[in-house]
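Asker: give me a 3D structure for the following:
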Amino acid sequence: MKKRARIFSALALAIALVIAGGAAFLVRILRSHHATVPPELVPPQWEQFKTSAGHRKHVDEEGLACKECHDYEKVGFKSPGAAPCARCHEKQKTFTHAGDVEMKTDCLSCHAFAPKEPATCISCHAAPHGKSNAIGIHKDIACTTCHHPHEDPPLTPKDCTSCHAQLTPEHANHAESKGCLDCHRAHEPGVFAKTTCSSCHTTPAGPRPASHDSCLSCHKPHEFVAGGEKACIGCHGNKPTLASPAVIAHSDCVNCHTPHAPTKAPASCPACHTDKHTSHPIIGTSSCTTCHAPHGDPNRVAADCTGCHAKVATGDTTAHAGGVACTGCHKPHDFRKPVMASSLCNGCHAQKTALAAMNVGHANCTRCHGSDAHHPIAAPTCGSCHTKEQSTAPIGHQACNQCHESHSGARGQQAACSNCHKHEAADPHVAKAGTCTTCHRPHGPTGIASPPTCTQCHAPAKLHGVHMSTGHQTCSTCHTPHQPPRSDRTTCTGTCHTNKKTHEPQATQCNGCHVFK
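Answerer: Alright, predicted model coming up:
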């Protein structure tokens with residue numbers, strides 16, 4: 001049976017050669033008559049296929065029979081494709097270069113069995129394919145130096161320092177480092193590595209400030225150690241810093257500025273100033289740089305309060321009484337509104353708060369001076385509380401502090417009527433009655449609302465002399481409240497006794513003869 005099979009195989013091969021020879025004979029005839037030869041009639045020459053790299057390897061070197069790959073009894077010597085390869089190269093079939101979606105590959109993509117130049121890696125990878133970039137750098141080095149298409153792992157990179165001995169990156173010292181391949185791709189220019197930092201260093205997340213978006217602004221390639229303060233000065237120059245002559249820590253930029261989030265420097269103050277707990281309800285959050293300029297005048301510790309609070313006053317010492325600093329009432333780093341009470345005012349107004357404490361109604365300063373400490377009422381109106389007293393005070397008695405000490409409300413020596421009414425105080429009525437209040441009150445609601453009539457004290461029935469005569473019954477005709485009784489010629493003859501103007505012309509007083517007692 002085997003002998004018969006070999007005979008049939010030889011016969012089939014002979015028929016194929018005859019057919020191929022007939023076709024070649026037809027082509028020679030057409031060409032001799034200058035006719036155009038259809039491409040499908042041009043047969044591939046066995047000699048051309050025989051010299052291909054694939055056939056030399058399998059036929060010449062390995063001595064394989066044609067039927068191991070070609071089923072020429074059924075389809076002739078048509079290309080069998082890559083299917084027969086797996087019969088012998090099972091391992092290589094498992095670990096093979098599969099190409100990508102755009103260009104699928106099989107064994108015949110790299111191993112040539114046709115009369116053409118053998119395929120090389122660069123034949124396909126001179127242009128980008130999918131995620132694979134075009135090979136540029138290292139294209140002159142044998143691909144198999146690093147790539148092993150039929151092995152596992154398929155890629156074993158060569159040590160870069162074997163060629164780049166002058167570069168010894170410190171970045172390779174960290175755990176799980178792949179050396180140069182942490183940043184560099186083998187077939188890309190080195191400049192592309194500048195954009196790969198964030199692939200590993202994903203924090204801090206978010207946008208970086210201007211000029212900090214590139215890692216290489218501070219980190220030098222192949223060193224990767226930031227330059228610290230020197231790196232900052234390289235771009236920002238030597239900036240004056242707050243209190244730097246006395247506080248050495250303020251002179252080093254990275255003590256306040258985190259290199260990857262430099263704008264968050266205000267949040268770093270509490271790390272050193274643990275004893276300062278700020279509260280500033282006006283801005284809602286505590287931020288030291290609201291008052292302390294980090295890069296302003298190094299000798300200016302804090303900004304003026306009125307720089308923000310211009311509505312309060314024009315300067316930090318003009319908000320209260322024109323000479324009290326803001327810190328006189330507000331504690332530094334505690335800007336909550338202080339409680340307006342005698343304890344606060346006592347710092348400057350100790351004598352007055354002591355007097356006010358004697359009067360229950362005056363103990364709270366705000367009742368008279370208002371709740372706006374920046375613009376207190378200097379001379380409050382007593383009538384806001386003492387409405388009855390104010391409304392009943394006669395003209396001249398409207399200024400309460402003429403008789404009362406303002407804070408205690410007490411009546412001291414200034415309450416004596418004689419301070420203002422010296423002439424009236426010398427009147428015999430005062431000496432006899434003992435006090436002005438016998439007839440007058442300084443204000444209501446108690447006391448005598450209006451002076452009594454003369455007859456309330458001087459009963460007409462008890463009066464003598466001329467007092468008893470008709471016409472002398474009205475006291476005010478001859479008397480005024482705070483003057484001696486009048487009996488001079490002018491008084492008596494001016495309005496009443498006009499017919500007596502020439503009577504006893506030498507007499508100046510009528511009571512010399514006309515007695516009243």
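
Asker: C-alpha from now on. contacts and neighbour counts both.
Answerer: OK.

Asker: strands of this protein, residue ranges please.
Answerer: Here the chain has no strands by DSSP state E.

Asker: tell me, how many residues neighbour the closest residue in space to residue 99 that isn't next to it in sequence?
Answerer: Nearest residue to residue 99 in three dimensions, chain neighbours excluded: residue 105, at 5.0 Å (C-alpha to C-alpha, 6 or more residues apart in numbering). Residue 105 has 15 neighbouring residues, counting by other C-alpha atoms under 10 Å.

Asker: pLDDT wise, what is residue 105 at?
Answerer: Each residue has a pLDDT score; the one for residue 105 is 84.

Asker: ok, it to residue 187 distance?
Answerer: Here residue 105 is placed at a distance of 21 Å from residue 187 (C-alpha to C-alpha, to the nearest Å).

Asker: cool, and residue 319?
Answerer: Counting by C-alpha to C-alpha - residue 319 and residue 187 are separated by 72 Å.

Asker: please say which of those two ends up with more neighbours.
Answerer: Taking neighbours as other C-alpha under 10 Å, residue 319 and residue 187 compare with residue 319 leading, 21 against 14.

Asker: the more buried one against residue 374, yeah?
Answerer: Yes: at 4.9 Å, residue 319 counts as touching residue 374 under the criterion of C-alpha atoms under 8 Å.

Asker: do you know the pLDDT at the closest residue in space to residue 243 that isn't next to it in sequence?
Answerer: Distance criterion C-alpha to C-alpha, 6+ apart; nearest residue to residue 243, sequence neighbours excluded, is residue 298 at 4.8 Å. For residue 298, the pLDDT comes out at 83.

Asker: what about the closest residue to residue 516 other than its chain neighbours, neighbour count?
Answerer: Using C-alpha to C-alpha, 6+ apart and skipping the chain neighbours, the partner closest in space to residue 516 is residue 465 (4.3 Å). For residue 465, the neighbour count with other C-alpha under 10 Å is 10.

Asker: that older thread, what sits in contact with each of residue 319 and residue 374?
Answerer: 312-313 (C-alpha atoms under 8 Å, 6 or more residues apart in numbering).

Asker: any idea how this protein splits into domains?
Answerer: 44-157, 339-369 (automatic domain parsing).

Asker: list the residues that contact the residue nearest to residue 516.
Answerer: Shown in contact with residue 465 (C-alpha under 8 Å, 6+ apart): 514-517.

Asker: recalculate using a threshold of 6 Å.
Answerer: Neighbouring residues of residue 465 by C-alpha atoms under 6 Å, 6 or more residues apart in numbering: 515-517.

Asker: separation between residue 260 and residue 422?
Answerer: Applying C-alpha to C-alpha to residue 260 and residue 422 gives a distance of 85 Å.

Asker: swap that for residue 192, sorry
Answerer: 105 Å.

Asker: returning to that earlier point: more neighbours: which of residue 260 and residue 422?
Answerer: Ranked by neighbour count (other C-alpha under 10 Å), residue 260 and residue 422 place residue 260 first, with 16 against 10.

Asker: and the gap between that one and residue 203?
Answerer: Residue 260 is 9 Å from residue 203, by C-alpha to C-alpha.

Asker: can you check which residues contact both of these two?
Answerer: With the criterion set as C-alpha under 6 Å, 6+ apart, the contacts of residue 260 and residue 203 do not overlap.

Asker: show me where the stretch 251-400 of the chain has its helices.
Answerer: 269-272, 342-345, 350-356, 366-369, 387-392 (DSSP state H, counting those that start in this stretch).
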